[in-house]
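Enquirer: predicted model and sequence below, questions to follow.
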Amino acid sequence: MKKLKLCITPPIETENIKLSSPKTTAAGLPAVQSSALHILKELNLKTCASVLFSVNQMDGFDCPGCAWPDPDDERSKLGEYCENGVKAIAEEATKKRITADFFKKYSVQEMSHWSDYKIGKSGRLTAPMWKREGSNHYEEISWEKAFDLIAEELNQLDNPNEAIFYTSGRTSNEAAFLYQLFVRKFGTNNLPDCSNMCHESSGVALSETVGIGKGSVKLEDFYVSDLIIVIGQNPGTNHPRMLSALQKAKRAGAKIITVNPLPETGLISFKHPQSVGDLLSGGTSLTDLFLQVKINGDIALFKAILKLLLDKEKANPNSVFDHDFIKEKTIGYDDLIADLEKANVDELAFASGLALAEIQQAAELIASSKKIITCWAMGLTQHKNGVQNIKEVVNLLLLKGSIGKPGAGTCPVRGHSNVQGDRTMGIWEKPKPAFLDKLQENFSFEPPREHGYNTVEAIEAMYYQKAKVFFAMGGNFLSATPDTEFTALALQRCSMTIQVSTKLNRSHLVTGKSALILPCLGRTERDMQGSGAQFVSVENSMGVVHSSKGKLKPASKILMSEIAIVCCLAKAVFGKDTSIDWLDYMENYDHIRNAIENTIPGFENYNERVRNPGGFYLPNGARDGDFKTASKKAHFSVNPVPKHDLAEDEFMMMTIRSHDQFNTTIYGLDDRYRGILNGRRVILMNKNDMENSNLKSGDFVNLESHFNGVLRKAPHFMVVPFDIPEQCVATYFPEANVLVPIDSFADKSHTPASKLVVIKITWAE
Ligand SMILES: Nc1nc2c(c(=O)[nH]1)N[C@H]1C(S)=C(S)[C@@H](COP(=O)(O)OP(=O)(O)OC[C@H]3O[C@@H](n4cnc5c(=O)[nH]c(N)nc54)[C@H](O)[C@@H]3O)O[C@H]1N2
Ligand SMILES: Nc1nc2c(c(=O)[nH]1)N[C@H]1C(S)=C(S)[C@@H](COP(=O)(O)OP(=O)(O)OC[C@H]3O[C@@H](n4cnc5c(=O)[nH]c(N)nc54)[C@H](O)[C@@H]3O)O[C@H]1N2
Ligand SMILES: [Mo]
């Protein structure tokens, strides 16, 4: 029999792609219908009802979808969920199971030729699995043996820095805290996480400018705001519950500006799926002004806006800027103004891809607003100048005094449901000395002080064999990271790769010499330990820490919680060193919360307060107008306009999410709002560009990137005409990740520039 080669990327499947017109209204009945179809495929009716009624309720579990907050007071009796939350739950609560027989039947090579959709739909992982060196199949092993194998591998490394411990953002506070404790006691700060690829640019920019790497607003601020600017974010798909908040804000009088290369459906018009009135009417039109920037045109746009505001302020002093705030709370104003004086709005408008008249409209709206909220996500962060993008947005808020007061502030909309909490718990390759001092004081060991690898550095370390063991607490490292071929080689050069996972994914198939899968409980499941049923806690995008308690019967009796996995692994690795009582933490999660309370500021009376309905807010200086930078002031900054001299045959590509995926988990093959059905291997192009390149809708093309002299290729994408600025194109992640160069990332934050990939398009056979 011909030996199958391992396939490291999603295989090419384009036969059935269908196109229809993009939708003009988000949610409504089609959303209800789509979520029902998804969940009924995976669960029976009774279980459906039980999970859906408890999602995001005060005593229920936190939706494993996004990190958008739940209302502090009223919550819908029907459950605070949305179409894509339902899909996330269906994916985890599915009745399908992967057993040892499955792995006997299918080799890793064979499975690697399946689509991501098919891999994910195989069901829940139910038992620990081991792929021995040289084998093509996983086989079941006991937990004990699995922990021994890992301990042996880790303990024989020459240096703890030869191990890498990745985290995806679903891990609870309790699991994350113990995990980083284990890793640091083992002796390394190699704790890269999904945040490195996500909001790291926000963290860096906000820490430098306003002294805290998190957003400053609460949900209720939306309802008293004058103006909300949504930049580089597609909430209709990725944070659908945000649309209800925007609708409420709008009804209370707020205006909304949207800045995006695409007219994303959710931002145009929305029907609340739980409001009968909405379902019968035309829905609420949300955006007042849509600014269709070019990819990476944001600094040019915001600089132009600032310049226009300055002109208005000069014409009518004290009418636009908040001079009291500027004087009392900020530094760097004069430098900013000096830079703006030199700016030429026509040039800036051109660089942004917008007409000056549109920018003037934005400046009008901003000039007359006193309370402004800026929301953003990956459209700003995943660029070479990701950090500067966000600093430019902060400049706007500071000029208007629009931070540290009700109805105003920063709102980086987080991705994974506990990515913010994981960072608070110390999942960070660059821990602060004060945090390490506390660990040392409380746990009597010397934590490593040298910074560890972030995600990009971790890939390089594995590639150049400086790191040999890769351990992932969740996630799908191979498919989520840039430069898939490079990353695949990096992982394959490891002596062992280990994944703690709920579902099968491509990272289980492209592995180190030996590989382990440690299957864990998901959010929706009951977690029973020695002292009884446990709950965990998470932090949402607005800094609220609250509990999450699963209700469903676990997918298998053998599953362990992430916490139990960390504790048992630590026991195996540290053997006779019993200075930390890991089993006590595992038995009763209250004890972990006590340890967190003693280590991390803001968690006073953790066990008591987390039991309050709705949880509690963490302290946030920027929210109170107390900027905890070195100067104790908020900082203006001067950010150069990025220049892109694209040749005539070059395009700027952004890699984005379709409506039917959660990162690398593919729920389905439809991007309903964009009208792309039954397939994902598409490239969205402007009609004029298509004409100039002699391309028609439905043609197939190959994509190439030539970054720093290295050729990267992704074959066979179907051309889809779309409302996108000229010379800009869009593809889906992870199909196009092969084209994102490992050495193209944001200054300072190291976030892969996955929305800024220069490509060429050639004809495919
Ligand atoms: N259902 C679902 N929910 C999710 C996720 C999911 O995959 N599925 N993922 C979760 C995670 S981890 C995250 S981080 C978030 C991601 O949430 P988003 O950031 O909304 O996700 P993306 O699809 O990456 O979309 C980025 C948006 O930025 C725009 N954009 C791209 N480049 C630029 C630019 O240069 N300037 C501007 N102004 N806009 C630009 C794109 O057109 C797109 O609308 O969602 C979270 N929630
Ligand atoms: N080109 C491109 N690349 C990107 C992005 C982009 O926009 N463009 N976005 C980036 C962003 S914002 C992010 S956040 C990363 C995401 O990167 P990751 O977080 O690494 O990827 P996910 O696809 O979210 O991980 C899915 C896997 O997590 C496991 N899982 C799910 N729930 C649980 C759980 O409760 N516990 C455990 N242990 N495992 C679980 C399942 O096995 C599932 O297969 O990708 C990044 N990559
Ligand atoms: Mo993310």
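Expert: Yes, it's here. Residues are numbered from 1 along each chain as shown. Ligands and ions are numbered 1, 2, ... in the order given.

Enquirer: now the helix or strand containing residue 311: buried residues?
Expert: Element membership of residue 311, judged by DSSP states H and E, is helix 298-315. Across helix 298-315, burial judged by 16 or more other C-beta atoms under 10 Å covers 298-310, 312-313. From N, CA and C alone the C-beta is placed, and that goes for glycine too.

Enquirer: nearest to ligand 2, of those residues?
Expert: Here the nearest of the buried residues of helix 298-315 to ligand 2, counting by C-beta to the nearest ligand atom, is residue 298; it sits at 16.1 Å.

Enquirer: tally of neighbours for the nearest residue to the closest one once chain neighbours are set aside?
Expert: Ranked by C-beta to C-beta, 6 or more residues apart in numbering and with sequence neighbours excluded, the top spatial neighbour of residue 298 is residue 389, at 5.2 Å. Counted with other C-beta atoms under 10 Å, residues neighbouring residue 389 total 28.

Enquirer: wait, what's in contact with residue 389?
Expert: 201, 205, 232, 298-299, 380-381, 383, 639 (C-beta atoms under 8 Å, 6 or more residues apart in numbering).

Enquirer: can you check residue 720 too?
Expert: By C-beta under 8 Å, 6+ apart, residue 720 lies in contact with 19, 676, 682-685, 697.

Enquirer: ok, which stretches of the stretch 151-300 of the chain are helices?
Expert: Taking DSSP state H, counting those that start in this stretch as the test, the helices found in the stretch 151-300 of the chain are 173-186, 200-210, 219-222, 235-238, 240-251, 265-268, 276-280, 298-315.

Enquirer: and the residue of the stretch 401-550 of the chain found nearest ligand 2, how many residues sit next to it?
Expert: Closest to ligand 2 within the stretch 401-550 of the chain is residue 475: 2.6 Å, counting by C-beta to the nearest ligand atom. For residue 475, the count of nearby residues is 26 (other C-beta under 10 Å).

Enquirer: same check, this time on residue 227
Expert: 25.

Enquirer: dig out what it forms beta bridges with.
Expert: Beta-bridge partners recorded for residue 227 (DSSP bridges): residue 255, residue 372.

Enquirer: use 782 as the first number from now on
Expert: In the new count, where the first residue is 782, that last one comes out as residue 1008.

Enquirer: that one and residue 1146 touch, don't they?
Expert: Yes. Because the distance of 6.0 Å satisfies C-beta atoms under 8 Å, residue 1008 is recorded as touching residue 1146.

Enquirer: tell me which two in the contacts of residue 1170 are the farthest apart.
Expert: 1013 and 1420 (15.4 Å; C-beta to C-beta).

Enquirer: sorry, back to before: check the secondary structure at the residue nearest to residue 1079 for me.
Expert: Of the three states, residue 1170 takes helix according to DSSP: H, G, I helix; E, B strand; the rest coil.

Enquirer: start to end distance for stretch 949-958?
Expert: End-to-end distance for stretch 949-958: 14 Å, by C-alpha to C-alpha, to the nearest Å.

Enquirer: report the distance from that stretch to the chain centre.
Expert: The chain centroid and the centroid of stretch 949-958 are separated by 14 Å, computed with C-alpha atoms, centre = their mean, to the nearest Å.

Enquirer: thank you kindly, that will do.
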